[in-house]
Each structure stands twice: as C-alpha cells, then as structure tokens.
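[1] Below are the sequence and a predicted model; questions follow.
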Amino acid sequence: MNILEIKNLRKSFDTDTEVIRNISLEVQEGKVVGIIGPSGSGKSTLLRCATMLETIDSGEIIYMGEHAVKTDPDGKVIYAPASQLKKIQGIFGLVFQNFNLFPHYSVIKNITDPLITVQKKSKDEAFEIARKLLDKMGLSDKEAAYPCQLSGGQQQRVSIARALALNPKILFFDEPTSALDPELTGEILNVIRNLAAEHMTMVIVTHEMSFARDVADHIIFMDDGVIVEQGSPEEVINNPKNERTIAFLSRFER
Amino acid sequence: MELSVMLSILLKGMWISVNIFTLTLLFSLPLGLIVAFGRMSGNFVLRNIVKIYISIMRGTPLVLQLMVVYFGPYFIFGMELSSNYRYTAVIIGFVINYAAYFAEIYRGGIESIPVGQYEAAKILGYSKTQTFMKIILPQVIKRILPAVTNEIITLIKDTSLAYVISIPEMFSEAKAIASSQKSVMPYVAAGVFYYIFNYIVATTMEWIEKKFSYYKIS
C-alpha cells in the first residue's frame, strides 16, 4: 500500500525559478526512501511541499489514498477542506534540521503537550507515551531538562521522540544531522537505523551517503528540481548510470 | 506648613499617580497586542491606518495628546462634559499613547520568533490560536520584558504630565505647595516618592525577568 503518492509536482519561488519540476514518487508502507543530491536541488522543498509547509503550483499529493491537494484540468490547485487536511496532517511527522523544539517547555512537555493539546489524550496516557519514547531514545534522565541544556544530538533525539509520539504513518527527515557536530551524527543515524529495523515508513533527505545506502530501500537522486536517477541503493549509489549522479557521488568518499 | 501636612497632601497626589499608572497598564498592555496585530495585518488599509496611528502617537508630545483628548470634545465637537471627564481623559490619553509603544515592542518580539517554531507547531497539528497562545506568546513575553520594563519606568515619570489638565496627582500638588510656600522641599519630597515608586516597580520587573530565566531562546 502506498502511504504517500506525489504526482507531477511543480513548485517555483517568485515566478521564474522553478525549484521542483514535475516530480512524481511513491512511498510504500514500511519502506525507507532516501533522497540525495546537491544543495539547491530541491530536496528540502520537496519535503516541505509534501508536508504542506509550502503550497504547490501544480500536481497531486495523496496520503493513504486521500488527496491532500490536487490540480483540476484548468490548472487550479485545490487543497482538501480544512477538516480533511487536519486528518491528513496526522498521518505524517517531520523532523527538522534545526530540531525546532519549544525552548520554554521541558523535554517531556515538548512531547506530551502535542498529545494533550492536539490529540486530546489524558495527561497520564501522554506521559506514559513520552516516557516510553524517551527511554527508547536513551534520554530517560533528561525529561525535566530544557532544550537549551541538551547537546544538539540529544535535542534531535527529543524532536524525533516528539514526532513519533503522535504515531505517524510516515516520518520525514529533513537533513536531520546537518546541524550537528560530526561526532554527534552517529547517535541520530543509529536512531533512524533502529526505526528502519522496526519498519517505520520514512523519507530521509540526507548528505550521509553511506548511511543512505545502508538504511534506504529506495534512493532518489535529485538535481535541479528533477529526479535524475532512482532505484535500489545498489543501483544508484554503487553503480550510478547517469553522469550527473556519477559526478555528484564522486565527491563523496565511498 | 508642617512637614506632615505637606507629606500627606503629596501622598494623596501619589495615590492618584499610582491609579493613573495602574489603569494605563491594565488597558494599554492588552490594547498594544491588538494594535500590534493590526500593524502586522495582511490587510493593506488596516495596516496603514494603524501605522499612521502609531506614528502620530510616537511623533507628538504626550502632553499635547492629553490636552487634545481633554479639550478636543468641547472645542471640536462642542460637547459639554463634566469636569470629572478630566480623569477619563487622562486615562484615555495615556492608554492610546502607551498602547502604540507597546504595540511596537510586541511586534518586534513576535517577529523575532524563528519561523521554525510556527512550522513545528503546524506539523504537530496545533491550531493557529494554540500556536500563538502556547508556543509563541510565552517566548515573546520573555523577549520583550526588558523593553517593557523600560516603558513602565518611563510611565511612572510620565504620570506627572497629567498636571497639564489639572489632575491633582503628585507633581501638581508639589508644584502648588512649592509656589504657595516658596520652598523647594515639596519637589525634593516628590522626587523621593517617585524614586521609591520606581524602585519597587523595577525590582518587581527584575523578579519577573528572573522567573523567565529558566530557559534560553535559541
């Protein structure tokens, strides 16, 4: 079953520069999709369109068979009504490059508050969910701390726990290790590896090639707003065929 | 005049100053937030009306504004208002002036919150109101406290401007006693009272700022 389907997506900022040029992709349940490509290739914009942080110029975004947005024959973009969008919003989660934790909330409140405010869970239930996830992230001793007292890696683990708490069907990662010191990236990559082992459906934009190769079932190489090459990690990363992919990958040690 | 008599007159005046101060804050702090929303509105007309209002409030002397609010209804519209209107006028004058300053402080605070906070809240499913009340506003308050403290301290001293429409607040009383007694003592005493008032307020604000120091905004 497809959790996410994107068809003929186009997005431009201003009027002349098209950042995403006709991209279509599918993400099946339990699969991990890695998106790689040079800076400015549109990877992050693609995630931001899929999570509806950006509006699109044309195309379709479908979550679990339901249209979040579609384009009618005369090119008019139609978003689903607010009530339906709210439901669709609950299907996905997003982990940001800069964590975006709420600085005035403690670690545990960052996780429990959305559960209580948005999902209307009881306080007890919310705390139970949060404690379980903090334990999984190895942060049980930090529940009373504030984000400013944590390392970048710890903050990112909290933000992953916060996203997981809402029980999304698909989790997006927008360069989850790019804001971290090199020695801290490993802990985040391990967390994501463990999620992959549990068959969490994920779409990961990353610059960590060896990680993408290990963790992803499907790799998409993007450049200049289009999908240049896609396939299994074996095909795309180990044996790239397109010369742009080859040129890009040659800049990484493999 | 005995010192005790003078002090009791000054203290009565100070009570009025304290009232002007309290009522001004009570109304101008929330009004300022509404004005700030108008100033940031996507509606061109509303935004520019609010911009002009703020510009006038900040660009003309408060003394003059107080006089316009007090004398305006009679001289412009020929309205007969009781002399008690002066108390209403002084509060209106202070509130609309301070709301303009607070609005600009709020706006600065709101605009300084990183867009990522809004995006995280949106992804997590918070509504727009929930996002503002639970995520944005608490951080805004922490950020703007030093600037608000500044305004509040200025307000204490500005209450003395109410003398222009003959409100018997502390400064008016000091002036009256000083000219009848040909003494500078009432001014000195009033100065001491203003200072004490300010000291209490500044200490309170410092305490509130400390209450917010448990976290840092990235």
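    The structure has been received and is ready for your questions.
[2] Looking at residue 106 now. What's its pLDDT?
    Since no chain was named, I'll use chain A. You'll see residue A:106 listed with a pLDDT of 95.
[3] oops, I was thinking of chain B
    At residue B:106, the pLDDT value in this model is 97.
[4] Shouldn't it be within a strand?
    No. Residue B:106 is assigned helix when assessed by DSSP: H, G, I helix; E, B strand; the rest coil, not a strand.
[5] Tell me, how many residues neighbour residue 178?
    Answering for chain A, as no chain was given. The local packing of residue A:178 (other C-beta atoms under 10 Å in any protein chain shown) involves 14 other residues. In this view, the C-beta of every residue, glycine as well, is placed from N, C-alpha and C.
[6] let's do chain B instead
    So residue B:178, with other C-beta under 10 Å, has 18 neighbours.
[7] Next, give phi and psi for it.
    phi -60, psi -40 (degrees, to the nearest 10).
[8] That one touches residue B:186, doesn't it?
    Yes. Between residue B:178 and residue B:186 there is a contact at 4.6 Å, judged by C-beta atoms under 8 Å.
[9] residue ranges of the strands in chain A, please?
    With strands called from DSSP state E, chain A shows them at A:2-13, A:17-28, A:32-36, A:58-63, A:66-71, A:77-79, A:92-95, A:170-174, A:201-205, A:218-223, A:226-231.
[10] Can you name every helix or strand that the third one contacts?
    Think strand A:32-36. With contacts defined as 3 or more C-beta pairs under 8 Å, 6 or more residues apart in numbering or on different chains; DSSP states H and E, the packing partners of strand A:32-36 are helix A:43-50, strand A:201-205, helix A:209-215, strand A:218-223.
[11] The first one now?
    In this structure, strand A:2-13 packs against strand A:17-28, helix A:43-50, strand A:58-63, with contacts taken as 3+ C-beta pairs under 8 Å, 6+ apart.
[12] quick one: average confidence on the second one?
    The reference is to helix A:43-50. What helix A:43-50 shows for mean pLDDT is 94.
[13] now do the shortest one
    Here strand A:58-63 scores 95 as its mean pLDDT.
[14] is chain B contacted by it?
    No. Strand A:58-63 lies out of reach of chain B by C-beta under 8 Å from any C-beta of the partner chain, never closer than 13.7 Å.
[15] That strand: how far from the chain's middle?
    Chain-centre distance of strand A:58-63: 17 Å, with C-alpha atoms, centre = their mean, to the nearest Å.
[16] and it, which strands flank it?
    Sheet pairing of strand A:58-63 (DSSP bridges) gives strand A:2-13 (antiparallel), strand A:66-71 (antiparallel).
[17] possible to save those strands as TSV with distance to residue A:141?
    What follows is those, written out as TSV (distance: least, C-beta to C-beta, whole Å):
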stretch	distance to residue A:141
strand A:2-13	34
strand A:66-71	39
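[18] Among those strands, which comes closest to residue A:129?
    strand A:2-13 (21.5 Å; C-beta to C-beta).
[19] Now the closest one: buried residues?
    A:3-7, A:9-11 (16 or more other C-beta atoms under 10 Å in any protein chain shown).
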